[in-house]
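Engineer: When you get a sec, could you give me coordinates for this:
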Amino acid sequence: MVGRYRLTKGPVGGGRGVVWFAVEPELGQRVVLKRAKVADNSQAAYEELVAEARALVKFADHPNVVTLYGVERTGQGRNATFWLVMQQVTGGSLDGSARLPVRSAAHIGAQIANALVALHAKGIVHCDVKPHNVVITEDGVAKLADFGAAYRLDPEATESPRRPIRFTPAYAAPELFHGVPEPASDVASLGATVYALVAGGPPPRGPGHTFRTEALGEEFGPLREPLTAMLRTEPGERPGAAEALGALREVAGPVALLPELRLDEVTRPLTPFGGGQGATTTAPRRPSLIPPRPVAWGVAAVVVVAALVALWPRDSSSKEASPSAGGRSSRTAAPSATPAPGFGFGDPRTADPCALLKAGVFERFGHDARVDSHYGNFNRCDVLLSSDDNEIVDVTAEFRAEAPPGTTAATTAAKRVTVVPDHAGSGRCARTLVLSGVRDAAVEVTAKLIDEAEAPLCDIADVAARHAATVLGRGVLPRRSPGPPAGSLARRDACGLLDARALEVVPGIDARDPDAGFGRWACDWTSTTGPLGVGLRFDQGYFSPPENSRFTRLSGHDAVVMPGYEGEGTCAVDVFAHPGRSHADGPTERVRLVLSGARAGDRPCERATALAESAAAALPGG
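Structural biologist: Just a heads-up that it's a prediction; the model follows:
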């Protein structure tokens, strides 16, 4: 007996230990018991296991997650043994070498995507999605199993993980090799798993552990498009679990029309433990990386075991390599305890702000989300959250030309990214991400209301900041690909559009001392003799002029003059950068000239229009 459970059969191999079949005599509940060997047999260690088990109890009713019921302890002191009590699933784990029809593979993948949606909503990354960790019940339901490598995303974390990450290389996302797990990692591994269900093995790899998506041949049919997206190299370019779920369901079609398959055609059972009755084999591709696949045990019904979740928070001090998950040969990626000082920011003009945002991370807030790379200047990217086609919240990641005063001292060589709570005001909440070794750039993440509605703005800002910190924590900022087209304002210098002669319309301005913004896509000049200031910045996207606007032509370009557009004492003039383009043509690039600090009699719009005309003359076609 183990606690109230009576052992009925075993042991058999399972995960990183051995397992027994068992039954609870009073209720007749059939379970699997796994013996967990813990070096520290203290009460604290037991309580830690219980806490981890409670994390999985959140998924007890999920149809696509194998359930962990609890933890039992037998013995005392050094003789203490910990047991995990888990759901017994009759069926088997997927055989990664079996070739399934495309729609059947998509149906299984959709069910696992459904499990990932639940995990990611709770801040858990599985880290080891692969065929062996997908079990099929006799009713044909797919369940995600073996959480031995799972990782809890600490919402307070502001840097890369410091513990070893366990995974199976053949199915692992590229970033896992660098020790940076995130929800998108599971999406890539699911893509590799679905690939294997069709092709009979995992996708081939390219340089930097990337998946070679050109291997998606005609045999994948309608799966080619969703798998190509799921296997993308950059995590931020992959769909979220919910989006992958929808795409896979669409390929699978109605369940009633799926082809019939026998369980023994697509699953593999566990091996006996220590008896030599079953030999292990290696997967046919890349035998040095793909762990052995267990062979049949010789029974019709098999049991697949879900291992204990090792849900380390990111401040874990553990430095030891962990045993492989699922009893397989898994590679351990151990990021260095101290990253190299500094941050590889590279050319500011090629830095991609949209790499810092991902629509899928906002699924938990229950709104539709879409990325918009043309909502403002070239140094920012937006995710718009909407409900019933009404945009509610604008989430922005924006590169700034310098870190806010007092924040750079918070960074250290061992911490690439520090998230600094910035400000929460009426209808907005912001966080600043400060980068180690970078004094002339920072990232500001802001969540602000668009409509008169209620939304947890600071919670949304924290989620966005955490995802951006994960991307930045790799030490190198992703680049824009492709770059801006020829003739785009993104290739221009805002400070170069106004020379000293043009700026003479504002007394006291020193044209030789502009304040350049990030990427030189914005520029400001301040008068030394009065309150007037001049700002010039680039903009793009849709534009709705206010009712008091005046339309005009400046140096061959359409323009809009907007008195008081940015507050009292201001006048703004938008110049459409490309001749023949105007606000009625949809998204378009513009130069915005703003004169501020005007007092009665300063004629702000007259001065602003003169400055805007000089800027327009410096543009192509001017």
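Engineer: C-alpha only now, for contacts and for neighbours.
Structural biologist: OK.
Engineer: which residues touch the closest residue in space to A115 that isn't next to it in sequence?
Structural biologist: Nearest residue to A115 in three dimensions, chain neighbours excluded: N64, at 5.3 Å (CA to CA, 6 or more residues apart in numbering). Taking CA atoms under 8 Å, 6 or more residues apart in numbering, we find N64 in contact with 111-112, 114-115, 141-144.
Engineer: So which of the residues you listed are in helices?
Structural biologist: 111-112, 114-115 (DSSP state H).
Engineer: need those in a markdown table with pLDDT and neighbour count, can you?
Structural biologist: Shown next, in a markdown table, are the ones in helices among the contacts of N64 (pLDDT from 0 to 100; neighbours: other CA atoms under 10 Å):
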| residue | pLDDT | neighbour count |
| --- | --- | --- |
| Q111 | 95 | 21 |
| I112 | 97 | 27 |
| N114 | 93 | 22 |
| A115 | 94 | 23 |
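Engineer: Looking at these, spot the one nearest D368.
Structural biologist: N114 (17.1 Å; CA to CA).
Engineer: Quick check: the closest one touching G246?
Structural biologist: No - here N114 does not reach G246: they are 9.3 Å apart, not a contact under CA atoms under 8 Å.
Engineer: L356 - nearest residue in space that isn't next to it in sequence?
Structural biologist: Per CA to CA, 6+ apart, closest to L356 is A468, 4.5 Å.
Engineer: Now the one you found: which helix or strand?
Structural biologist: Using DSSP states H and E, A468 falls within helix 457-472.
Engineer: Give the buried residues for that helix.
Structural biologist: 457-458, 460-472 (16 or more other CA atoms under 10 Å).
Engineer: domains in the chain, as residue ranges please.
Structural biologist: In terms of domains, the chain is parsed into 93-266+279-293, 348-472, 489-617 (source: automatic domain parsing).
Engineer: Tell me the pLDDT of S555.
Structural biologist: On pLDDT, S555 comes in at 94.
Engineer: Next one: it from R492, what distance?
Structural biologist: 18 Å (CA to CA, to the nearest Å).
Engineer: Within the sheet, what are the partner strands of the longest strand anywhere in the chain, with directions?
Structural biologist: Criterion DSSP state E: the longest strand present in the chain is strand 390-400. Strand 390-400 has the following strand partners under DSSP bridges: strand 380-387 (antiparallel), strand 442-449 (antiparallel).
Engineer: tell me the angle that strand makes with helix 457-472.
Structural biologist: Here strand 390-400 runs at an angle of 50 degrees relative to helix 457-472 (axes from the mean of the first three to the mean of the last three CA atoms, to 10 degrees).
Engineer: Could you tell me the end-to-end distance of stretch 595-603?
Structural biologist: End-to-end distance (CA to CA), stretch 595-603: 10 Å.
Engineer: from the chain's centre, how far out does that stretch sit?
Structural biologist: For stretch 595-603, the separation from the chain centroid amounts to 46 Å (computed by CA atoms, centre = their mean, to the nearest Å).
Engineer: residues making contact with that stretch?
Structural biologist: Applying CA under 8 Å, 6+ apart, the contact partners of stretch 595-603 are 531-535, 569-572, 604-605, 607-608.
Engineer: so of the residues you listed, which ones are in strands?
Structural biologist: Going by DSSP E, the strands hold 533-535, 571-572 from these.
Engineer: My guess is R370 contacts V361. True?
Structural biologist: No - judged on CA under 8 Å, R370 makes no contact with V361 at a distance of 11.0 Å.
Engineer: who's more crowded, the two?
Structural biologist: V361 (24 against 15; other CA atoms under 10 Å).
Engineer: Check for me that that one belongs to a helix.
Structural biologist: Yes - assigned with DSSP: H, G, I helix; E, B strand; the rest coil, V361 falls within a helix.
Engineer: what residues are up against it?
Structural biologist: V361 is in contact with 240, 463-464, 467, counting by CA under 8 Å, 6+ apart.
Engineer: now, among the residues you listed, which is nearest to L619?
Structural biologist: The nearest member of the contacts of V361 to L619, counting by CA to CA, is A464 at 36.0 Å.
Engineer: starting at the chain centroid, how far to stretch 113-130?
Structural biologist: Relative to its chain's centre, stretch 113-130 lies at 12 Å (CA atoms, centre = their mean).
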